[in-house]
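A.B. asks: got a structure for you, letters missing:
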């Protein structure tokens, strides 16, 4: 048996020496040369490789398609490489060919035709809907009978009179998908015979099913405590014809103590019943007239409310009503804003004397206050930077910060009512209310070391201050440390 060992000796890698350009169309040449420095990897002294050539070809294609050249394709870009110098250097000539004997033509957009098919994808050939004209350029044909075209105007970026732009085509497709009501979105273009260098666009859309139901359940166990949870969710994806999402959730759960003797009823530890409803709009709904901001992402206005009843044997019972109004929007692709002017949680708690005495004897007096009736009313502003890059294996910084202020309006109303409890705390709706300020930040530095290796350094400061009616922060608003996430 023989063995052969190879020991390769690599030579010097080839690098680019002289770069020349052969572009017959002077307009195309000026466009390319004025933008080339922004993306090109083909520079004198850079290493010669096929990836740089392919990247250059792809970037030229995108540049042309972003500037009206609808017919431009990648094979128009060619690279001739000359390595006959015997000194590990190569000259490259980049050519952008013309289409035959003519020059490259720029195309202007005309009207857009949007066809919304039924969710089944099967169009009734005996039915042809009347077209609805929006903004004098968007022609809607709704075969599904479910949509209001005016609601979708802010997510169409194919403007009549503008040059064809690949970025606007992809942006329109992306925003329509982000509405979360369409199963399929297809964009195509045709050339108008009556007007040279003019395109009409066609958007074919198949929506998702309007209504859906989901049933889920889980079985839990921890030491001697076992439990079962069942939930039912109803969704209407387009309740008002503008891609609004209406959702109703029902949930119930039971926990049992296996160490207790007797039947199933005797082992019952706790019961939990919840019902919640939410309505989300893909736009900002405010009393003020604000401009459309859908280019960087779909904004949302969400209203939600829930009601919960929780009972721990005969020792404790809690009824909670919660209501929230929130706004989310993107200032840029990496800058997310969230503002919740209304966060209301009204709780009525009933504690047995035996449980209160037991907690007091254990030194858990503060825990008793968290179980009592209370009102938390606050407003929250949240800002996030680079959320869209958390899965990137690159070097970047991430920041999330929020500020929450609670109880000021409740204080005004409480002072008017002048109701107090036996501890001297002012009451609103029969329960004491909290006043507080809370500020929290999350700053991270991501350092990439190649492959899937990455170092993350995290700073997570926060401060909370209670004042006025109750001298403590609500239990839900306190800071904590430890656990599986540190």
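C.D. replies: Yep, that arrived. Quick caveat, the model's predicted, so the values are computed rather than measured. Numbers count the residues shown, from 1 in each chain.
A.B. asks: buried set for the lowest-mean-pLDDT helix or strand in the chain?
C.D. replies: Using mean pLDDT, DSSP states H and E, the weakest-scoring helix or strand in the chain turns out to be helix 365-371, at a mean of 73. For helix 365-371, a neighbour-count test (16 or more other CB atoms under 10 Å) marks 368-369, 371 as buried. Using the backbone N, CA and C atoms, a C-beta is placed for each residue, glycine as well.
A.B. asks: what's around residue 352, how many residues?
C.D. replies: 14 (other CB atoms under 10 Å).
A.B. asks: ugh, typo on my part, it should be residue 3
C.D. replies: Using other CB under 10 Å as the criterion, the residues surrounding residue 3 number 4.
A.B. asks: so what's the closest residue to residue 33 other than its chain neighbours scoring on pLDDT?
C.D. replies: Excluding its sequence neighbours, the residue lying closest to residue 33 (CB to CB, 6 or more residues apart in numbering) is residue 21, at 7.2 Å. pLDDT recorded at residue 21 is 93.
A.B. asks: who's residue 21 bridged to?
C.D. replies: On the basis of DSSP bridges, residue 21 is bridged to residue 94.
A.B. asks: please list all residues in contact with it.
C.D. replies: 29, 32-33, 93-95 (CB atoms under 8 Å, 6 or more residues apart in numbering).
A.B. asks: go again using 10 Å as the cut-off
C.D. replies: 29, 32-33, 36, 92-96 (CB atoms under 10 Å, 6 or more residues apart in numbering).
A.B. asks: likewise residue 120?
C.D. replies: Residue 120 touches 144, 206-207, 209, counting by CB under 10 Å, 6+ apart.
A.B. asks: ok, and the most crowded of those?
C.D. replies: Top of the contacts of residue 120 by neighbour count (other CB under 10 Å): residue 207, with 25 neighbours.
A.B. asks: pretty sure that one contacts residue 182?
C.D. replies: Yes - look at residue 207 against residue 182 with CB atoms under 10 Å: they come within range, at 5.4 Å.
A.B. asks: okay, and the common contacts of those two?
C.D. replies: 116, 119, 147, 237-238, 243.
A.B. asks: what's the closest non-adjacent residue to residue 355?
C.D. replies: For residue 355, the closest residue by CB to CB, 6+ apart turns out to be residue 315, at 4.2 Å.
A.B. asks: let me fix that, I meant to ask about residue 149.
C.D. replies: Nearest to residue 149 is residue 140, by CB to CB, 6+ apart, at 3.7 Å.
A.B. asks: mind listing the strands the helix or strand encompassing that neighbour pairs with, and their directions?
C.D. replies: Under the criterion of DSSP states H and E, residue 140 resides in strand 138-142. For strand 138-142, the paired strands and their directions (DSSP bridges) are strand 108-116 (parallel), strand 132-134 (antiparallel).
A.B. asks: deepest of those strands, which one?
C.D. replies: Highest mean neighbour count among the strands paired with strand 138-142 (mean count of other CB atoms under 10 Å): strand 108-116, with a mean of 20.
A.B. asks: residue contacts, residue 161?
C.D. replies: If a contact means CB under 10 Å, 6+ apart, then residue 161 has 108-110, 137 as its contacts.
A.B. asks: secondary structure element for it?
C.D. replies: Using DSSP H and E, residue 161 falls outside every helix and strand.
A.B. asks: hey, where'd the strands end up in the stretch 151-300 of the chain?
C.D. replies: 182-191, 198-207, 211-222, 225-236, 245-257, 268-281, 300-312 (DSSP state E, counting those that start in this stretch).
A.B. asks: any chance of those in a markdown table, with mean pLDDT too?
C.D. replies: Formatted as a markdown table, those follow (pLDDT from 0 to 100):
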| stretch | mean pLDDT |
| --- | --- |
| strand 182-191 | 93 |
| strand 198-207 | 94 |
| strand 211-222 | 92 |
| strand 225-236 | 94 |
| strand 245-257 | 94 |
| strand 268-281 | 95 |
| strand 300-312 | 95 |
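A.B. asks: just put those strands in TSV and tack on distance to residue 471.
C.D. replies: Below are the strands of the stretch 151-300 of the chain laid out as TSV (distance: least, CB to CB, whole Å):
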stretch	distance to residue 471
strand 182-191	52
strand 198-207	54
strand 211-222	35
strand 225-236	35
strand 245-257	34
strand 268-281	30
strand 300-312	26
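A.B. asks: which of those is buried the deepest?
C.D. replies: Most buried among the strands of the stretch 151-300 of the chain, counting by mean count of other CB under 10 Å: strand 198-207, with a mean of 20.
A.B. asks: adjacent strands (with direction) for that one?
C.D. replies: strand 108-116 (parallel), strand 182-191 (antiparallel).
A.B. asks: can you put those strands in JSON lines and add distance to residue 160?
C.D. replies: Shown next, in JSON lines, are the strands paired with strand 198-207 (distance: least, CB to CB, whole Å):
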{"stretch": "strand 108-116", "distance to residue 160": "6"}
{"stretch": "strand 182-191", "distance to residue 160": "13"}
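A.B. asks: residues near residue 35, how many?
C.D. replies: 15.
A.B. asks: same check on the one 3 residues further on?
C.D. replies: Other residues near residue 38 come to 8 when the count uses other CB under 10 Å.
A.B. asks: next up, the contacts around it.
C.D. replies: 59, 63.
A.B. asks: follow-up on the earlier one: the buried residues of helix 365-371 into JSON lines, with extra columns for distance to residue 351?
C.D. replies: As requested, these are exported to JSON lines (distance: CB to CB, whole Å):
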{"residue": "368", "distance to residue 351": "7"}
{"residue": "369", "distance to residue 351": "10"}
{"residue": "371", "distance to residue 351": "5"}
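A.B. asks: closest to residue 319 out of those?
C.D. replies: Taking CB to CB as the measure, residue 319 sits nearest to residue 371 out of the buried residues of helix 365-371, at 12.3 Å.
A.B. asks: the closest one and residue 352, how far apart?
C.D. replies: Distance of residue 371 to residue 352, computed by CB to CB, to the nearest Å: 10 Å.
A.B. asks: swap in residue 464?
C.D. replies: From residue 464 to residue 352 the distance is 30 Å (CB to CB).
A.B. asks: close enough to count as contact, residue 295 and residue 171?
C.D. replies: Yes - with contact defined as CB under 10 Å, residue 295 counts as touching residue 171 (7.0 Å).
A.B. asks: tell me the predicted confidence for residue 121.
C.D. replies: 67.
A.B. asks: which stretches of this protein have low pLDDT?
C.D. replies: 121-127, 366, 482-486 (pLDDT under 70).
A.B. asks: for the longest helix seen in it, which outside residues touch it?
C.D. replies: As assigned by DSSP state H, the longest helix anywhere in the chain is helix 50-65. Applying CB under 10 Å, 6+ apart, the contact partners of helix 50-65 are 16, 23, 28, 31-32, 34-36, 38-43, 46, 49, 69-79, 81, 92, 94, 96, 104, 106, 164-167, 169.
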